[in-house]
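Asker: A structural model of the following input is requested.
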Amino acid sequence: MVFAAKADGHIDDQKRAAIVKWVAGQQLGLDSEAAILRWVDAPLDPNLLSQQVDNMHWPLKCI
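Answerer: Next up, the predicted model:
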């Protein structure tokens, strides 16, 4: 959800509010909520994201 929202290069206030609302409703715990919101606020780094893909079939599962 976070990376999809960042697909155009930024997360506007409306997208951020929707993510915050969704996260709050999931009852993930404060540590998980804080981590997700850090992802929301962090700049998108395609190089870092691509390093996490260890085989070419993994990205296809995410579509």
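
Asker: any weak-confidence spans in the chain?
Answerer: With pLDDT under 70 as the threshold, the chain has low-confidence stretches at 1, 3, 49, 52-53, 55-63.

Asker: ranges for the strands of it?
Answerer: Secondary structure of the chain (DSSP state E): no strands present.

Asker: can you map out the helices along it?
Answerer: For the chain, helices defined by DSSP state H occupy the ranges 2-5, 13-25, 30-41, 46-51, 58-61.

Asker: let me have the ones you listed in JSON lines, extended by mean neighbour count.
Answerer: All C-beta atoms are positioned from the backbone trio N, CA, C, and that covers glycine. Putting the helices of the chain into JSON lines (neighbours: other CB atoms under 10 Å) gives the following:
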{"stretch": "helix 2-5", "mean neighbour count": "14"}
{"stretch": "helix 13-25", "mean neighbour count": "13"}
{"stretch": "helix 30-41", "mean neighbour count": "13"}
{"stretch": "helix 46-51", "mean neighbour count": "9"}
{"stretch": "helix 58-61", "mean neighbour count": "9"}
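
Asker: skipping adjacent residues, who's closest to the residue nearest the centre of the chain in space?
Answerer: Closest residue to the average C-alpha location of the chain: Val2 at 2.5 Å, with CA atoms, centre = their mean. Nearest residue to Val2 in three dimensions, chain neighbours excluded: Trp39, at 4.8 Å (CB to CB, 6 or more residues apart in numbering).

Asker: fine by me, we can end here.
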